[in-house]
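A.B. asks: how does the following fold in three dimensions:
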Amino acid sequence: MGQGESYRVSRRAFLTFNTFYTHTKMRAIVYVAFVLIFAALVSAQSLIVRKDLQNVEVTTGRDLVVTIELFNTGKVPVYDVNLNDERWDDKFENKVGLTSASWERINPDTNVSHTYVLKPKAVEANTVVYTYPALVSFREGSAKGDRTIVYSTSVGPIHVWSRTVGDSKRSQPHFQEWALFSLFAATALVLPLAAWNYLRTHYTNGIATKKKN
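C.D. replies: Numbering: from 1, shown residues only. Next up is the predicted model:
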């Protein structure tokens, strides 16, 4: 290979490496910028809203308790806070309390909560109901400041059991669970007993017993 050919090969290798390095560097810069922007947006949100269901199982005809907590994680108070959680499926009806609430002011590093009760209507067995986050609007730092809107966490799809199915699930004898429990209990008792019997048979005062010919 001549000197000119070696130079061209070296130049192509350098250009390839330089292009790869430049693209990798650009991707890293874009990624870091995205992370910084996301962190800034999260830290800028001073009001965190969490929505929870107090029920382990949702069954028709039984109360469904919903609790929404608002946390002011910022450094200034928030004013004119309005909560709206009216976007429930028509398979639910309001029983106790309201799906909306308001607070004049929430101070920094404090939280408030709101609870109401719904009642699932009669549905077919194994019905899945899709829910929506609650909406909260507020003014930060001043009662005359710009209004900000945030959303709560989501409780996700709700599996609503018909009352007959829910009661039958709770009243099942649970043979499989009892069988597993019995197996574990028997193992915990039999193994120590077998070990004790082996030691009693083959050892005397800690010394192995010799077999008689």
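A.B. asks: any idea how far residue 47 is from residue 82?
C.D. replies: 11 Å (Cβ to Cβ, to the nearest Å). For glycine as for every other residue, the C-beta is placed from the backbone atoms N, C-alpha and C.
A.B. asks: which residues are in contact with both of the two?
C.D. replies: 136, 138 (Cβ atoms under 8 Å, 6 or more residues apart in numbering).
A.B. asks: those two: who's more crowded?
C.D. replies: The neighbour comparison of residue 47 against residue 82 (other Cβ atoms under 10 Å) goes to residue 47, with 19 against 14.
A.B. asks: need the contact list for the more buried one.
C.D. replies: By Cβ under 8 Å, 6+ apart, the residues touching residue 47 are 70-74, 78, 81, 106, 136, 138, 140, 148, 150.
A.B. asks: who's it bridged to?
C.D. replies: Beta-bridge pairing for residue 47 (DSSP bridges): residue 72.
A.B. asks: can you list contacts of the longest strand along the chain?
C.D. replies: As assigned by DSSP state E, the longest strand anywhere in the chain is strand 110-120. Contact partners of strand 110-120, identified using Cβ under 8 Å, 6+ apart, comprise 58-72, 83, 85, 88, 91-99, 101, 103, 106, 160.
A.B. asks: which neighbours does that strand have in its sheet, and in what orientation?
C.D. replies: Partners of strand 110-120 in the sheet, by DSSP bridges, are strand 64-72 (antiparallel), strand 92-96 (antiparallel).
A.B. asks: name the stretch among the ones you listed that sits most buried.
C.D. replies: Mean neighbour counts were compared across the strands paired with strand 110-120 using mean count of other Cβ atoms under 10 Å; the top stretch is strand 64-72, at a mean of 19.
A.B. asks: could you pull out the helices in the chain for me?
C.D. replies: 3-44, 163-171, 175-202 (DSSP state H).
A.B. asks: any idea which of the strands paired with strand 110-120 scores lowest on pLDDT?
C.D. replies: Lowest mean pLDDT within the strands paired with strand 110-120: strand 92-96, a mean of 88.
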